[in-house]
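1. based on what follows, work out the 3D shape:
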Amino acid sequence: MSDNPFGRVITAMVTPMHDDGSIDFDGLKCLAVHLADNGHDGLLVNGTTGESATTTDDEDYDCVAAVVEAVGDRVKVMAGCGTNDTEHSMRAAREMAARGADSLLVVTPYYNKPTQHGIVEHFRMVAEAGGLPVMAYDIPGRTGTALATETIRRLAEIPLLKAVKDAKGDLFEASRLMAETDLMWFSGDDVLNLAHLAQGAVGVVSVVGHVAGNEYRAMIEAVDAGDLPRAREIHTRLIPAVDAVMHTSQGAIQAKAALKMQGIIASDRLRMPLLQGPAEHQEKLRAGLQASGLA
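-> Sure, this is the predicted structure:
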């Protein structure tokens, strides 16, 4: 898909940190290279899994620049720039573009619960400010506001708004909107990756992809080839890992723990209010990775 500015196997990267809580930029670059070497053609920087709620604007911009420097000639780099303040998001979009991002992820404004019309205008203004292809992130469980079906139809009319990261979990509405619009659809929930791909999604924006990039690449290729039994076999094999990463605790916590277990990052340090998980969470994670053949 030469007209896809995002990639198809995209991981929402964690932000590696030193034990004192400062960002480990060398570790971030090494993680980006590792992911590029293992199935990925896209990376998301400064998403929720990257702890964007607790990183500063300058840290966000520097993270984008570091990942672009490390792998920007090999994979597409998408930068999260959405907030619940339109002017803030516009400034971030401009700066992310200046630091070399290929595209932008913009989440539905959270907490202040704008109207659906306000949401459309928010996306339009941020897209125009950044001048890059935009993926809209629909995750009402975090934002408190879902993108209504008619709203997504209106978003499809914005020239730079090219895709939806769907973490809403309504598969029928997703299929309806894929049929009615030209928007590229991405699974934003690892639990539903196969379901979304089977009904026409372009790719995945994953957390489990930190440790299963090659597997998700193989799943997409199997679906493309019409080999649903092969895709289902991969999905089934990954169930213990997906369960351990996504259902034990918070995704960033478990993803960092998994990467540390595998020796890919030096520390699983997070910023408060996120804390490393207890021993029983670590054990479930270790067992899940092993059962999925990812240990």
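2. going forward, measure contacts between C-alpha atoms and count neighbours the same way
-> Noted.
3. can you map out the helices along the stretch 51-200 of the chain?
-> Counting by DSSP state H, counting those that start in this stretch, the stretch 51-200 of the chain has helices at residues 57-71, 86-98, 116-130, 140-143, 149-155, 171-180, 193-198.
4. could you export the ones you listed as TSV, including mean neighbour count?
-> As requested, the helices of the stretch 51-200 of the chain are exported to TSV (neighbours: other CA atoms under 10 Å):
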stretch	mean neighbour count
helix 57-71	20
helix 86-98	20
helix 116-130	19
helix 140-143	15
helix 149-155	16
helix 171-180	14
helix 193-198	21
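5. in JSON lines, list the ones you listed along with distance to Asp24 and mean pLDDT.
-> As requested, these are arranged in JSON lines below (distance: least, CA to CA, whole Å; pLDDT from 0 to 100):
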{"stretch": "helix 57-71", "distance to Asp24": "10", "mean pLDDT": "98"}
{"stretch": "helix 86-98", "distance to Asp24": "19", "mean pLDDT": "98"}
{"stretch": "helix 116-130", "distance to Asp24": "27", "mean pLDDT": "98"}
{"stretch": "helix 140-143", "distance to Asp24": "27", "mean pLDDT": "91"}
{"stretch": "helix 149-155", "distance to Asp24": "36", "mean pLDDT": "97"}
{"stretch": "helix 171-180", "distance to Asp24": "37", "mean pLDDT": "97"}
{"stretch": "helix 193-198", "distance to Asp24": "30", "mean pLDDT": "98"}
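6. any idea which of the ones you listed gets closest to Ala222?
-> Closest of the helices of the stretch 51-200 of the chain to Ala222 is helix 193-198, at 10.0 Å (criterion: CA to CA).
7. tell me the helices and strands packed up against the very next helix or strand once past that closest one.
-> Per DSSP states H and E, the first helix or strand lying C-terminal to helix 193-198 is strand 203-206. Here strand 203-206 touches strand 9-12, strand 184-187, going by 3 or more CA pairs under 8 Å, 6 or more residues apart in numbering; DSSP states H and E.
8. list the contacts for the spatially closest residue to Gly82 that is not a sequence neighbour?
-> Distances taken as CA to CA, 6 or more residues apart in numbering put Val106 closest to Gly82, at 4.2 Å, once the chain neighbours are dropped. In this structure, Val106 makes contact with Gly80, Cys81, Gly82, Thr83, Phe123, Val126, Val134, Met135, Ala136, Tyr137, judged by CA atoms under 8 Å, 6 or more residues apart in numbering.
9. list the contacts for the third one?
-> Just to be clear, that refers to Gly82. Contact analysis of Gly82 by CA under 8 Å, 6+ apart lists Ser89, Leu105, Val106, Val107, Thr108, Pro109.
10. which of the helices or strands spans Glu280?
-> Following DSSP H and E, one finds Glu280 within helix 279-291.
11. ok, residues contacting that helix?
-> Residues contacting helix 279-291 (CA under 8 Å, 6+ apart): 237, 240-245, 248-249, 254, 257-258, 261, 295.
12. kindly report the same for stretch 173-185.
-> Residues outside stretch 173-185 that contact it (CA under 8 Å, 6+ apart) are 149, 152-153, 156, 161-166, 199-203.
13. let me know the closest of these to Pro5.
-> Lys162 (8.8 Å).
14. what ranges in the stretch 101-250 of the chain fall below the confidence cut-off?
-> Scanning the stretch 101-250 of the chain for pLDDT under 70 picks out no residues.
15. would you mind putting the CA coordinates of stretch 4-14 into CSV?
-> The C-alpha coordinates for stretch 4-14 follow below in CSV (Å, rounded to 0.1, in the frame of the first residue of the first chain):
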residue,chain,number,x,y,z
ASN,A,4,-0.3,4.3,3.3
PRO,A,5,1.7,7.0,5.3
PHE,A,6,1.5,5.0,8.6
GLY,A,7,2.7,1.5,8.0
ARG,A,8,0.7,-1.6,8.8
VAL,A,9,2.5,-3.2,11.8
ILE,A,10,2.8,-0.3,14.2
THR,A,11,3.7,-0.4,17.9
ALA,A,12,2.8,2.3,20.3
MET,A,13,6.2,2.5,21.8
VAL,A,14,7.0,2.7,25.5
